[in-house]
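*Asks:* below: sequence and its predicted model.
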Amino acid sequence: MSEQTILASDLRVITRYLSSQQCDPEVALSAAGIPLDTLSEPRGRVPATQVGALLAQLVDQFPDANLGLALAAHHHLTDTHVLGITAIASDTALDALRRLVRYQALVSSQEPLGISEEADTVTLTKSIAQEVVAEHIIQVFLFSVILTALRNISGFSGDIIGVGFTGPAQGPEADYRERFGPRVKFSAQQAQMTLPKDALAQPISTGNVDILTTNEPLLASLVRAVRENNLPAKIKLAILDQLPDHTLTEDEAAASQNMSLRTFQRRLEDEGTRFRALLDQTRAERAESLLGDPACSLSEVGYYCGFSEQASFSRAFKRWTGQTPSDYRKALLAPDH
C-alpha cells in the first residue's frame, strides 16, 4: 500500500499557531521529521504519520487548548492553493462543497471527506484516518474551516442541523457550541456535519466560470498525480502548472524532479514515453477540455495551452488530433454528440 500524504502547505496553520504562542515552528516540525522548507514547496507533501506525530506534540505542549478550533482560526484559503480558489469560484456553496470532496486528494491522499444529499439536507462525513486525539483535532479543524468558508463566500447564516465528533470533547463543550451551535454530539459513531440544503443553494458572490474552466483540468491532473504517484503524471502536472505563462522545457522538467537530464530521459523511457510526448499530450488534453466550453474563443484556447499565435495552435492541434480546433468543437458540440 502506498504511503498516505498531506499537502505540506496545509500545515502552515500550525506554524502560524506556534508563532502566535511565541514558539519556534521549526523545532516542532523537526521533531516530527518535517523540514520547514517543505511547507513552501507548491506541491510538497508530508507523510500522514508525521502529521499525526506533529499533532501529538502539540497536545503535549498545549494540553489545555482546543487545538482544532485554535488551528482553524489561523487557516488561510490559499493554504490549499488551487483547490480553495476553484471551490469558491463555484456557482453555489453546495457546488463548492461538491468540488471540495471531488478533488480532496490534492490535500489528503486518504480522501477522508464524503458528502451525501437528501431532499432538505447535505451531510459532510469524515472518515477516521489518525489516532483518537489527532483525529479529533482534524475533525474539529476541518468542519470549522468549512463553516467559516461557507459563511464568508455565501453569507450562510442557517443553523447547523447537527455536528458529531468521534472522540470526547477536548476542552469546554461550550466552546464547541459557540462555534457550531447547540446540536453538538461527542463520541459519535461517525464524524459528520449536517446543513440545510436550501441555505447552500443560493448563488455566491465569488462565482467565476473562467476560473472553473481554467482550473478544473489542472485539479484533475493534480489529483491523478497524487493517486498514481508516477513520473509521467508528475511531469504533466508540472507542465500544467506553468501554462499559460510559460511552456516547461525538458531541462526544467528534469530539474523539477532533482534529476540530471540523462537520468530523467532514461526514467521516462522506462515508463514508455518521452518528454515531448507528455508535453503534446498535456496541451492536447487541455485544449480538448476548453473546446467543450463555447464561451472560450479559439484564440483563448490557444493562449491557455501556451501558444501566442492562433495559427501555431491550429497546426499543433491538427497534428495531435487530425482535426482543426473549429472542426473538433463543431463535432463536440453537435446536438447528437
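*Replies:* Yes, it's here.
*Asks:* so where is the stretch 201-337 of the chain shaky, pLDDT-wise?
*Replies:* 336-337 (pLDDT under 70).
*Asks:* which parts of it are helices?
*Replies:* For the stretch 201-337 of the chain, the helices defined by DSSP state H, counting those that start in this stretch cover 209-228, 231-242, 250-256, 261-270, 275-291, 298-304, 310-321, 325-333.
*Asks:* buried residues, the fourth one. List them.
*Replies:* So the one you mean is helix 261-270. Neighbour-count burial for helix 261-270 flags 264, 267, 268 (criterion: 16 or more other C-beta atoms under 10 Å). In short, each C-beta sits where N, CA and C put it, glycine included.
*Asks:* distance between the helix or strand containing residue 142 and the chain's centre?
*Replies:* Element membership for residue 142 (DSSP states H and E) is helix 132-154. On the basis of C-alpha atoms, centre = their mean, to the nearest Å, helix 132-154 sits 15 Å off its chain's mean C-alpha point.
*Asks:* what helices or strands is it leaning on?
*Replies:* helix 48-61, helix 67-72, helix 93-102, strand 121-126, helix 173-180, strand 191-196 (3 or more C-beta pairs under 8 Å, 6 or more residues apart in numbering; DSSP states H and E).
*Asks:* change it to 6 Å
*Replies:* helix 48-61, helix 67-72 (3 or more C-beta pairs under 6 Å, 6 or more residues apart in numbering; DSSP states H and E).
*Asks:* and for it, what's in contact with it?
*Replies:* Helix 132-154 is contacted from outside by 52, 55, 59, 67-69, 71-72, 75, 88, 93, 126, 128, 156, 165, 167, 170, 179, 191, 193, 204, 206, using C-beta atoms under 6 Å, 6 or more residues apart in numbering.
*Asks:* from residue 263, how far off is residue 329?
*Replies:* 40 Å (C-beta to C-beta, to the nearest Å).
*Asks:* can you check residue 323 too?
*Replies:* Here residue 323 is placed at a distance of 37 Å from residue 263 (C-beta to C-beta).
*Asks:* ok, residue 126 next?
*Replies:* Applying C-beta to C-beta to residue 126 and residue 263 gives a distance of 41 Å.
*Asks:* go on, residue 106?
*Replies:* 28 Å.
*Asks:* can you check residue 127 too?
*Replies:* In terms of C-beta to C-beta, residue 127 sits 39 Å off from residue 263.
*Asks:* tell me how this structure divides into domains.
*Replies:* 5-200, 230-333 (automatic domain parsing).
*Asks:* next, the distance between the ends of the last one.
*Replies:* Taking C-alpha to C-alpha, to the nearest Å, domain 230-333 runs 34 Å from one end to the other.
*Asks:* thinking again about what came up before, let's have the helices of the stretch 201-337 of the chain in TSV, adding distance to residue 8.
*Replies:* Formatted as TSV, the helices of the stretch 201-337 of the chain follow (distance: least, C-beta to C-beta, whole Å):
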stretch	distance to residue 8
helix 209-228	13
helix 231-242	15
helix 250-256	16
helix 261-270	23
helix 275-291	24
helix 298-304	27
helix 310-321	34
helix 325-333	38
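*Asks:* out of these, which gets nearest to residue 13?
*Replies:* helix 209-228 (20.2 Å; C-beta to C-beta).
*Asks:* residue 241 is nearest to which of the helices and strands packed on helix 132-154?
*Replies:* Residue 241 lies closest to helix 48-61 among these, at 23.6 Å (C-beta to C-beta).
*Asks:* which helices and strands sit right next to the closest one?
*Replies:* Against helix 48-61 (3+ C-beta pairs under 6 Å, 6+ apart) you get helix 132-154.
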